[in-house]
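In: got a predicted structure plus its sequence, pasted below:
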Amino acid sequence: MKVLITGITGMIGSHFAHACRAKGWDTVGVARNSASSRLAAIQDPSVLGCDILDYHQIEDVFSRTSPDLVVHMAAQAFNGTSWQAEDITHVTNYLGALHVLRCTRKIVPKARVLLACSSAEYGNIRPEDCPLKEERLLQPFSPYGVSKVGVECLGFQYHANYGMAVYLPRLFIHVGTGHPPATAIQNFARQLALIAKDMAEPVMKVGTLATARDFIDVRDGVAGMMLLLEAGQPGQPINICTGTAYKISEILEILIDISGLKVRVESDSSLMRPSDEPLLLGDNSKLRALGWKQKYTMRQTLTAVYEDWLSRI
């Protein structure tokens, strides 16, 4: 089995690569030459420099690797960032997915393709709408959510029109090691690690704490996507989530408790978004029907993230 992972230096991409190699699969990936991660920094020969927005570059990679499985994770992956970077979000996510699908169809049409879709596609939801089922109308709030609806529609189009095996996991918020501080959990953990090392005052800067999210450990999420590839149906979206939501305030409390620090919490308006769903909770009955079970508790996940930041600073 030959596997090609775009965005292999990202958090989910790198964990996916680990899972594939654990199965003995020949796994390579692509990342931009500017990708700033520990995996890119060691100049791993299995990481090929490539920008998915350059069609000829990605076509060359497909021709050289002839993958049996394509895992497309490369993206502008941050909901919050998309408000300040609308153009790059739409271009990277939509055009990048289109390039990957076109190359697959042209060079390895029998290959399976897994496209990273997102819970941000649901968008305009109320707490009473949760837990969210895959059949629900998509009304995305953010530029990122809109871009991921486009990605999912592209995947369905290529499946329906060309008979390609395109899998459409809707990823809820994945949490794990090796992630930049672009999400609330990573930002909190990084701040606490800085405080623990006497590199910052014992003051936590936070955004909205009242919202609640369905967080999933990246290792559990990757396990779910592997099951989808083994036993799921192409062309059909499926939630990758736990079915349990935590308030951001609860996450902060657990992280502070893990750190053992005494800190003061202060609100920071720069961390607020123009709009934010009060609750994002998924229905994972389809995922569980494939045999998926949650392995990691929230405390185990947050402990790993905090310890990761202690080692990175």
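Out: Received it, and whenever you're ready, just let me know what you need.

In: did I read that right, Val70 in a helix?
Out: No. Counting by DSSP: H, G, I helix; E, B strand; the rest coil, Val70 is not found in a helix; it is strand.

In: show me what it is bridged to.
Out: Val70 forms beta bridges with Leu4, Val113, as assigned by DSSP bridges.

In: Pro278 contacts Ala210, correct?
Out: Yes. Pro278 is in contact with Ala210 according to C-beta atoms under 8 Å; the separation is 7.1 Å. The C-beta positions use only the backbone N, C-alpha and C, and glycine is treated the same way.

In: who has more neighbours out of the two?
Out: Pro278 (13 against 10; other C-beta atoms under 10 Å).

In: so what secondary structure elements neighbour the helix or strand hosting Arg190?
Out: Following DSSP states H and E, one finds Arg190 within helix 184-196. Judged by 3 or more C-beta pairs under 8 Å, 6 or more residues apart in numbering; DSSP states H and E, helix 184-196 is in contact with strand 203-206, helix 248-259, helix 298-312.

In: switch the cut-off to 6 Å
Out: helix 248-259, helix 298-312 (3 or more C-beta pairs under 6 Å, 6 or more residues apart in numbering; DSSP states H and E).

In: who touches that helix?
Out: Outside helix 184-196, the residues that touch it by C-beta atoms under 6 Å, 6 or more residues apart in numbering are 175, 179, 181, 200, 202, 204, 248, 251-252, 255, 259, 261, 305-306, 309-310, 313.

In: quick one: buried ones out of those residues?
Out: Burial of the contacts of helix 184-196 was assessed by neighbour count (16 or more other C-beta atoms under 10 Å); the buried members are 175, 179, 200, 204, 248, 251-252, 255, 259, 305-306, 309-310.

In: need those residues in CSV (columns: distance to Gly49 and pLDDT).
Out: Putting these into CSV (distance: C-beta to C-beta, whole Å; pLDDT from 0 to 100) gives the following:
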residue, distance to Gly49, pLDDT
Val175, 28, 97
His179, 22, 89
Ala200, 35, 97
Met204, 38, 95
Ile248, 37, 96
Ile251, 36, 98
Leu252, 38, 98
Leu255, 35, 98
Ser259, 37, 98
Val305, 28, 98
Tyr306, 32, 98
Trp309, 28, 97
Leu310, 31, 97
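
In: turn those residues into CSV, columns for distance to Val70.
Out: Shown next, in CSV, are those (distance: C-beta to C-beta, whole Å):
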residue, distance to Val70
Val175, 25
His179, 23
Ala200, 42
Met204, 40
Ile248, 34
Ile251, 33
Leu252, 38
Leu255, 35
Ser259, 40
Val305, 28
Tyr306, 34
Trp309, 32
Leu310, 35
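
In: closest to Tyr144 among those?
Out: Within the buried ones among the contacts of helix 184-196, proximity to Tyr144 (C-beta to C-beta) peaks at His179, which comes in at 16.0 Å.

In: which SS state does that closest one fall under?
Out: coil.

In: excluding chain neighbours, what is closest to it?
Out: Take His179 and drop its neighbours on the chain: the residue closest to it by C-beta to C-beta, 6 or more residues apart in numbering is Met11, 4.2 Å away.

In: can you pull out the helices in the stretch 101-250 of the chain?
Out: Secondary structure of the stretch 101-250 of the chain (DSSP state H, counting those that start in this stretch): helices at 143-162, 184-196, 218-231, 248-259.

In: out of the ones you listed, flag the one nearest Pro131.
Out: Closest among those, once you apply C-beta to C-beta, is helix 218-231, at 15.7 Å.
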